[in-house]
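Chemist: pasted the sequence and its predicted model underneath.
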Amino acid sequence: MTRILYFGKLRDAAGRASQDAAPPSDIATVGQLIAWIGADRPDLADALSQPSVRVAIDQEIAAGPDAPLAGAGEIAFMPPMSGG
Amino acid sequence: MTRILYFGKLRDAAGRASQDAAPPSDIATVGQLIAWIGADRPDLADALSQPSVRVAIDQEIAAGPDAPLAGAGEIAFMPPMSGG
Amino acid sequence: MIRVQSDPIDAGAMLDGFQSGRTDIGAVVCFTGLVRDASGGAHVSTLELDHYPGFTEKMIAGVEDEARKRFDLIDVLIVHRYGRMAPGETIVLCAAASAHRRDAFQAADFMMDALKTDAPFWKKESGADGERWIEPRDQDHADRARWRASR
Amino acid sequence: MIRVQSDPIDAGAMLDGFQSGRTDIGAVVCFTGLVRDASGGAHVSTLELDHYPGFTEKMIAGVEDEARKRFDLIDVLIVHRYGRMAPGETIVLCAAASAHRRDAFQAADFMMDALKTDAPFWKKESGADGERWIEPRDQDHADRARWRASR
């Protein structure tokens, strides 16, 4: 089971802050996960695919859509951060 | 009567923080005042004449040794300032 | 030291705690960021900050580490709030202590630029004109880039 | 606002008083300068600041005025102490408030550079190695010159 987290405006886009999902075993990268999540939600797939969105895999920033999920327990989708 | 103030290390050089003096009427500039004060104190005249010393005449910074005293009530001799 | 909290930030107490009882600190620069009642012309009644527990602390710790590497610092304090807050409340307090003032100034400046673009918080403003998510301004990205160019 | 006082400076209370109860301030940069127990390798047990009552306030007010002209500021606070103080005590607190952080950072930085060379205070350190008057370092003059070159 993979925990998927949505932050900021992506939480609004997803309609929830998190979900527990069991992606099929052939979902191996961030890009594939987005396509799988957004199979029936093209608006959400589009929002998650924006270049400004950063993805953290088990709390490590992923390099890009080809980053391997490698059995991650937690995947976070983060729009541009704004601290301070 | 003119009040003369010595600050910082010039207070040490003068041996006092202030003095009330009545310079003769031909003492018209800062440079002349220093020469008069230091007539029998060449070490003090030298300390007051250093280019790093700033002089305030009635709490306005004087331009240099030629600045006119013009009946000032208070002359301050100030070594390099160090606030903060 | 890093703190991420939902409780209000008591800026004065934080500053006192940071600098008191030490005789090796010559300079402290303490930045506080506050909620304004207006933002880009829009009225603001509430600011809500979302964060990512664990990851947010980790990323802020990275900012502290980089500041300590770049500048000669004696101590660092970053306190960041999350949750709902009202205009006038403190969102963030970021302090740097050094022997001489230039390091403290540069470190606080650097840390705030880094937090603006790299700290996992997401801000939603609410007011008479509705709600909106806030993203870093172009100026924030330009400020952050200053530090990439140097050193 | 300018204060020149012999009483100890309560930094936290000053910061709180400066930024509390306002909803137009987005950023505060608060600098505090403290007495260190060592200076240039020499031990320091007491720092004594001489000042010129009236003229000192006037010169500091000039620094505040110049900062307000150069930067977009909402408020300024400069509190400077004189007399005898011990390591760990606050010599000066200098705060700038603005809508956005860059003005507050630059103003606090500018004001401290100006106070270092242009504020009528004279410092004498005393310690195990005797007494010495402190004058601005070359670095202080270089820092001050940065602002003459720009704008």
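Modeler: Arrived safely, thanks for sending.
Chemist: and the closest residue to chain D within chain A, which of the three is it?
Modeler: Nearest residue of chain A to chain D, counting by C-beta to the nearest C-beta: A:G84, 7.7 Å away. In this view, the C-beta of every residue, glycine as well, is placed from N, C-alpha and C. Classification of A:G84 by DSSP: H, G, I helix; E, B strand; the rest coil places it in coil.
Chemist: quick one: the helices in chain C?
Modeler: C:11-19, C:55-70, C:101-118, C:138-149 (DSSP state H).
Chemist: need the winner for burial among those.
Modeler: By mean neighbour count, with neighbours taken as mean count of other C-beta atoms under 10 Å in any protein chain shown, helix C:101-118 ranks first of those at a mean of 24.
Chemist: and it, what does it pack against?
Modeler: If contacts are counted by 3 or more C-beta pairs under 8 Å, 6 or more residues apart in numbering or on different chains; DSSP states H and E, helix C:101-118 sits against strand C:27-34, helix C:55-70, strand C:75-81, strand C:90-98, helix C:138-149, strand D:27-34, helix D:101-118.
Chemist: how near is C:R102 to chain A?
Modeler: Note on C:R102: its distance to chain A, by C-beta to the nearest C-beta, to the nearest Å, is 22 Å.
Chemist: tell me the contacts of the residue in chain C that chain D sits nearest to?
Modeler: Closest approach of chain C to chain D (C-beta to the nearest C-beta) occurs at C:G12, with a separation of 3.2 Å. For C:G12, the contact set (C-beta atoms under 8 Å, 6 or more residues apart in numbering or on different chains) comprises D:11-16.
Chemist: kindly report the same for C:T32.
Modeler: When contacts are counted by C-beta under 8 Å, 6+ apart, C:T32 touches C:9, C:11, C:90, C:92-94, D:15, D:19, D:27-28, D:30.
Chemist: how about 7 Å then?
Modeler: C:11, C:90, C:93, D:19, D:28 (C-beta atoms under 7 Å, 6 or more residues apart in numbering or on different chains).
Chemist: tell me what it is bridged to.
Modeler: Going by DSSP bridges, C:T32 is paired in beta bridges with C:L93, D:V28.
Chemist: re earlier: name the nearest residue to the residue of chain C closest to chain D, sequence neighbours excluded.
Modeler: Closest residue in space to C:G12, ignoring its immediate chain neighbours: D:G12 at 3.2 Å, by C-beta to C-beta, 6 or more residues apart in numbering or on different chains.
Chemist: hmm, C:D113 and C:W147 touching each other?
Modeler: Yes. In this structure, C:W147 is within contact of C:D113 by C-beta atoms under 7 Å, at 6.3 Å.
Chemist: and of the helices of chain C, who's closest to D:D140?
Modeler: helix C:101-118 (9.5 Å; C-beta to C-beta).
Chemist: so for chain C, the centremost residue is which one?
Modeler: Nearest to the geometric centre of chain C sits C:V92, at 4.3 Å (C-alpha atoms, centre = their mean).
Chemist: that one and chain A, how far apart?
Modeler: On the measure of C-beta to the nearest C-beta, C:V92 and chain A end up 5 Å apart.
Chemist: do you know how far that residue is from C:C30?
Modeler: Distance, C:V92 to C:C30, using C-beta to C-beta, to the nearest Å: 11 Å.
Chemist: chain center to stretch C:70-79, what's the gap?
Modeler: Its chain's average C-alpha position is 13 Å from that of stretch C:70-79, according to C-alpha atoms, centre = their mean, to the nearest Å.
Chemist: ends of that stretch, what's the gap?
Modeler: Start-to-end span of stretch C:70-79 (C-alpha to C-alpha, to the nearest Å) is 20 Å.
Chemist: quick check: A:K9 vs C:D10, distance?
Modeler: A:K9 is 31 Å from C:D10, by C-beta to C-beta.
Chemist: between the two, which is the more surrounded one?
Modeler: Neighbour comparison, A:K9 and C:D10: the larger count goes to A:K9, with 19 against 15 (by other C-beta atoms under 10 Å in any protein chain shown).
Chemist: not counting its neighbours along the chain, what's nearest that one?
Modeler: What sits nearest to A:K9 in space, not counting adjacent residues and going by C-beta to C-beta, 6+ apart, is C:W133, at 4.4 Å.
Chemist: give the contact list for residue 84.
Modeler: Since no chain was named, I'll use chain A. C:33, C:92, C:112, C:115-116, C:119.
Chemist: wait, chain C
Modeler: So C:R84 contacts C:46, C:48 (C-beta under 7 Å, 6+ apart).
Chemist: check the gap between it and C:G127 for me.
Modeler: 13 Å.
Chemist: spell out which parts of chain C neighbour chain D.
Modeler: Contact residues (C-beta under 7 Å from any C-beta of the partner chain) of chain C with chain D: C:11-13, C:15-16, C:19, C:21-34, C:36-37, C:87-88, C:99, C:101, C:105, C:109, C:112.
Chemist: swap in 6 Å and give it another go.
Modeler: Listed as neighbours of chain D in chain C under the rule C-beta under 6 Å from any C-beta of the partner chain: C:11-13, C:15-16, C:23, C:25-34, C:36-37, C:87-88, C:101, C:105, C:109, C:112.
Chemist: just to revisit the earlier point, quick one: which of the helices of chain C is nearest B:A17?
Modeler: For the helices of chain C, distance to B:A17 was read as C-beta to C-beta. The smallest value, 29.8 Å, belongs to helix C:101-118.
Chemist: related to what we said a few turns ago, including mean pLDDT, could the helices and strands packed on helix C:101-118 go into TSV?
Modeler: Shown next, in TSV, are those (pLDDT from 0 to 100):
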stretch	mean pLDDT
strand C:27-34	98
helix C:55-70	98
strand C:75-81	98
strand C:90-98	98
helix C:138-149	88
strand D:27-34	98
helix D:101-118	96
